[in-house]
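Undergrad: sequence first, predicted coordinates after that:
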Amino acid sequence: MTVPRSHPRYESLRIREMVSAGFLSGAVALEGVMAHGRGEAFDYILGEETLLTAKAAIRAAAATLLLSSHPVISVNGNVAALCSKEVVNLSLTSNSKIEVNLFYDSIQRRRIIIGMLYRAGAKEVLGLERHSMIKGLESARRMVSHGIAQADTVVVPLEDGDRTQALINAGKKVITIDLNPLSRTARTASITIVDNITRALPILSDYCKEMKGYHTEQLAEIAEFDNMANLKECVRLIKERLDEYIDA
Ligand code: PTJ
């Protein structure tokens, strides 16, 4: 069913349809559909808007990417279904590689997702062949290509906690996008953007473009970021919103 554009909750329904279409095409895992539902619930509580805390995190993330020598964007089924074009755009504005890395891994899903990214304009997508292993990880995500293996910074949106910790343990900076500020990934990453990936990625690309000419010292100052303080402020804003509801 197509939702009429006049519907007040059109945007979240449109996003949901993209995940459904991704599932039907074989890109999104069944578990990914459920993960999307969890994200939707948090987005509803956030008011379906990019909070100031998210903007601060996005700015620090852009500076971190521009300072990195080998940045990589890790793509899973949900990310590809929602944001293939935006991933390609970010790879250009931040000079990052793109690598497909799946939790519910199969060669067939990897091929489908890689195809989506090429159709979205990617020049190179890594992840079909994987010859390296991330230490301390049990899931299929431990097998990686040279992109993630050699990266100094990895963007890992819609992530499970184990890989974030393993990447941090391997000495990499981790930038995540996760609507749940309480998740283990959110609390483990170097920089957590608590926002819907569909809103966050275009802003991240814009900041990368804007900050390209900045001096290294200027970027280093912006990249300095207290993730836990930002998450606590985000949770405080959510609490304020809920208190307003109770008091109304
Ligand atoms: O494609 P695969 O096989 O790699 O599997 C991908 C999923 C997402 C199924 C896998 O990584 C997984 O199980 O993730 P989790 O542990 O459910 O975590 C996903 C996180 O993303 C949750 O905290 C959700 O709240 C959050 N999330 C869901 N949709 C969005 C989101 N965050 C930002 N934007 C969204 N649209």
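TA: Great, that's in hand.

Undergrad: which elements pack onto the helix or strand of the chain with the lowest mean pLDDT?
TA: Least confident helix or strand of the chain, by mean pLDDT, DSSP states H and E, is helix 161-169 with a mean of 91. Counting contacts by 3 or more Cβ pairs under 8 Å, 6 or more residues apart in numbering; DSSP states H and E, helix 161-169 packs against strand 173-177, helix 184-188. For every residue, glycine as well, the C-beta is placed using N, CA and C.

Undergrad: just checking, next helix/strand downstream of the helix or strand hosting Ser12?
TA: Using DSSP states H and E, Ser12 sits in helix 10-24. In the C-terminal direction, the helix or strand that comes right after helix 10-24 (DSSP H and E) is helix 30-46.

Undergrad: circling back to that earlier point, let me have the helices and strands packed on helix 161-169 in a markdown table, extended by distance to the ligand and mean neighbour count.
TA: Shown next, in a markdown table, are these (distance: least, Cβ to the nearest ligand atom, whole Å; neighbours: other Cβ atoms under 10 Å):
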| stretch | distance to the ligand | mean neighbour count |
| --- | --- | --- |
| strand 173-177 | 5 | 26 |
| helix 184-188 | 7 | 20 |
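
Undergrad: the ones you listed: which one's closest to Arg119?
TA: strand 173-177 (22.3 Å; Cβ to Cβ).

Undergrad: pLDDT at the residue in the chain that the ligand sits nearest to, what is it?
TA: With Cβ to the nearest ligand atom, the shortest gap between the chain and the ligand falls at Gly39, namely 2.4 Å. Looking at Gly39, its pLDDT is 97.

Undergrad: OK, contacts around Glu40?
TA: Applying Cβ atoms under 8 Å, 6 or more residues apart in numbering, we find Glu40 in contact with 12, 16.

Undergrad: switch the cut-off to 7 Å
TA: By Cβ atoms under 7 Å, 6 or more residues apart in numbering, the residues touching Glu40 are Ser12.

Undergrad: remind me what the helix with the most length in the chain packs against, helices and strands.
TA: As assigned by DSSP state H, the longest helix anywhere in the chain is helix 227-247. In terms of contacts (3 or more Cβ pairs under 7 Å, 6 or more residues apart in numbering; DSSP states H and E), helix 227-247 is packed against helix 30-46, helix 52-67, strand 191-193.

Undergrad: now the last one, how far from the centre of its chain.
TA: Going back to what we said before, that points to strand 191-193. The chain centroid and the centroid of strand 191-193 are separated by 9 Å, computed with Cα atoms, centre = their mean, to the nearest Å.

Undergrad: just the longest one next, same as before
TA: Counting by Cα atoms, centre = their mean, helix 30-46 is centred 14 Å from the centre of its parent chain.

Undergrad: perfect, I'm done here.
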